[in-house]
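**Q** pasting the sequence and the predicted model now:
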Amino acid sequence: MVAIEDTISTAQRQETQTERLQRMLLRLLVYSILLLWAVICLFPIYWTVTTSFKMAPDVMRGHLVPWVDYTPQWLGWRSLGLSPDTIFNVSTVRAEFLKRFMNSVITSISASFLAVVLGSLAAYGLSRFRYRFGPMKNADISFFFLSQLILPPVVLALPFLALYRELALLDTRIGLILLYTLMVLPIVIWIMRDQFKAVPVELEEAALVDGLSIWGAFLRIVLPISLPGMVAAFILSLILCWNEYFFAALLTSTEAKTLPVMVASQTGSQGINWWSMAALSTAAIAPLLIVGVILERYIIAGMATGAVK
C-alpha cells in the first residue's frame, strides 16, 4: 500500500515538473517572439539614429554597428548646425530648423488640444443624448464622422487651396491648426464615445440628484474617469498632426512649413543627403518619444484614479 502511494506521489511530481517545464518553454517562446518583434519595430529608429553619425561611404556600404563597422562622426548634425563644434556658432540652417520645429510644435499641440476638446463634447452628446438629423440617428452620425477618414487627402487639395486663398490662410499656422483639427476630429470622437459609454449612467444620475447640472456632472464625474481616453486621443492626434506632410507641403511656402516638409527637402539633384535627413528625422522623432514616455505615466495614473472612483 505504501509502495503504491509512493509510486503515485512520484508520478504526480513528475507530471508537475513536466507541466512546469512546458510552461517555461511556452513563456520562453512567447518572450522570444516578442523580442524579435521589438527588434523589427525598433530597427528603423536605430538605423535612422546611427545614420545621422555616418559618413557618406558608411551609408553606401550599409554599415550598422558603431565603433565596429565604422567610427561615428557628426556629419549629419554638423549640416544642421547642431554638432558640438557648431552649436554655439551662428547658423542659418539651425535657425531654419528651429523655426520649422516650432511650427510643428505649435500646430500639432494646438490642433490636438482643440480636437480633444471639441471631440470630447461631441462624443459625450452622442453617447448620452438621442439626435435625429433627417433620416440619420446617433449611429449614422457617428459613422458619418468616421467616413471622413475614407476620403483621400488629394481629393481635398484643390478645394482647400482655393478656400485658403480666399480666406488668406495660406502659409499660416492658424490655417494648419484648423485643417489638422478637422483631420483628427473623427478619430477623437470615436475614441471618446467608447470611453463615455463605459462610464455608468448611474453616476451622473446620482450627481444630478445631488444638485449638479449636466455640465457639472460632466466636468466633475465623467471627465476625471475618462481622462485616460482623452490622453490617449491626444497622443494619437499629436502623432498624426506631427507626421502630416501632404497639406503642410501644399498649403505652406516659407513661414509655416513644418519638420516633415524640411525632411523631404533633403533630396536634391545630386541625390539624397542621407546623413542630414537622418539627423532631421532623429530630431523629429525624439519629441514624440519623450511625450509618449511622459504621458504614459498620466495614462496609468488616470486609470488608477478612475478605478478608485
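**A** Cool, got the structure. Numbers count the residues shown, from 1 in each chain.
**Q** give the contact list for residue 137.
**A** Neighbouring residues of residue 137 by CB atoms under 8 Å, 6 or more residues apart in numbering: 130, 131. (Each C-beta comes from the backbone N, C-alpha and C, glycine too.)
**Q** tell me the bridge partners for residue 133.
**A** residue 136 (DSSP bridges).
**Q** roughly how far does it sit from residue 35?
**A** 51 Å (CB to CB, to the nearest Å).
**Q** next: residue 245.
**A** 32 Å.
**Q** one more: residue 155?
**A** In terms of CB to CB, residue 155 sits 42 Å off from residue 35.
**Q** neighbour-wise, which of residue 245 and residue 35 wins?
**A** Per other CB atoms under 10 Å, whichever of residue 245 and residue 35 has more neighbours is residue 245, with 14 against 10.
**Q** how many neighbouring residues does the spatially closest residue to the more buried one that is not a sequence neighbour have?
**A** Nearest non-adjacent residue to residue 245, counting by CB to CB, 6 or more residues apart in numbering: residue 260, 4.1 Å away. Close neighbours of residue 260, defined as other CB under 10 Å, add up to 20.
**Q** likewise residue 163?
**A** The burial count for residue 163: 14, using other CB under 10 Å.
**Q** likewise residue 140?
**A** Residues lying near residue 140 (other CB under 10 Å) number 14.
**Q** I'd assumed it was in a strand, is it?
**A** No: with DSSP: H, G, I helix; E, B strand; the rest coil as the criterion, residue 140 is helix rather than part of a strand.
**Q** so residue 176 sits against residue 247, correct?
**A** Yes: the criterion here is CB atoms under 8 Å, and residue 176 meets it with residue 247 at 7.1 Å.
**Q** quick one, which of the two is more surrounded?
**A** Per other CB under 10 Å, whichever of residue 176 and residue 247 has more neighbours is residue 176, with 29 against 20.
**Q** so what's the closest residue to the more buried one other than its chain neighbours up against?
**A** Excluding the flanking residues, the one nearest residue 176 by CB to CB, 6+ apart is residue 107, at 4.5 Å. Going by CB under 8 Å, 6+ apart, residue 107 touches 173, 176, 177, 180, 241, 256, 258.
**Q** got any ranges where the stretch 101-250 of the chain has weak pLDDT?
**A** Within the stretch 101-250 of the chain, not a single segment meets pLDDT under 70.
**Q** what residues sit buried inside whichever helix or strand residue 194 is part of?
**A** Per DSSP states H and E: residue 194 is located in helix 173-197. By neighbour count on 16 or more other CB atoms under 10 Å, the buried set for helix 173-197 is 173, 175-193, 195-196.
**Q** what helices or strands is it leaning on?
**A** helix 92-128, helix 138-147, helix 227-243, helix 246-251 (3 or more CB pairs under 8 Å, 6 or more residues apart in numbering; DSSP states H and E).
**Q** go with 10 Å
**A** helix 92-128, helix 138-147, helix 157-166, helix 223-225, helix 227-243, helix 246-251 (3 or more CB pairs under 10 Å, 6 or more residues apart in numbering; DSSP states H and E).
**Q** switch these over to JSON lines; also include distance to residue 56.
**A** Output for the helices and strands packed on helix 173-197, formatted as JSON lines (distance: least, CB to CB, whole Å):
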{"stretch": "helix 92-128", "distance to residue 56": "18"}
{"stretch": "helix 138-147", "distance to residue 56": "46"}
{"stretch": "helix 157-166", "distance to residue 56": "36"}
{"stretch": "helix 223-225", "distance to residue 56": "54"}
{"stretch": "helix 227-243", "distance to residue 56": "27"}
{"stretch": "helix 246-251", "distance to residue 56": "27"}
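**Q** most packed of the ones you listed?
**A** helix 227-243 (a mean of 21; mean count of other CB atoms under 10 Å).
**Q** mind saving the C-alpha coords of that one as PDB?
**A** What follows is helix 227-243, C-alpha atoms only, in PDB (Å, rounded to 0.1, in the frame of the first residue of the first chain):
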ATOM      1  CA  LEU A 227      -9.100  61.100 -18.600                       C
ATOM      2  CA  PRO A 228      -7.100  58.100 -19.800                       C
ATOM      3  CA  GLY A 229      -9.000  58.000 -23.000                       C
ATOM      4  CA  MET A 230      -8.600  61.800 -23.500                       C
ATOM      5  CA  VAL A 231      -4.800  61.400 -23.000                       C
ATOM      6  CA  ALA A 232      -4.700  58.500 -25.500                       C
ATOM      7  CA  ALA A 233      -6.700  60.500 -28.000                       C
ATOM      8  CA  PHE A 234      -4.400  63.500 -27.500                       C
ATOM      9  CA  ILE A 235      -1.300  61.400 -28.100                       C
ATOM     10  CA  LEU A 236      -2.700  59.800 -31.300                       C
ATOM     11  CA  SER A 237      -3.800  63.200 -32.600                       C
ATOM     12  CA  LEU A 238      -0.400  64.700 -31.800                       C
ATOM     13  CA  ILE A 239       1.400  61.900 -33.700                       C
ATOM     14  CA  LEU A 240      -0.900  62.200 -36.700                       C
ATOM     15  CA  CYS A 241      -0.600  66.000 -36.800                       C
ATOM     16  CA  TRP A 242       3.200  65.900 -36.200                       C
ATOM     17  CA  ASN A 243       3.800  63.500 -39.100                       C
END
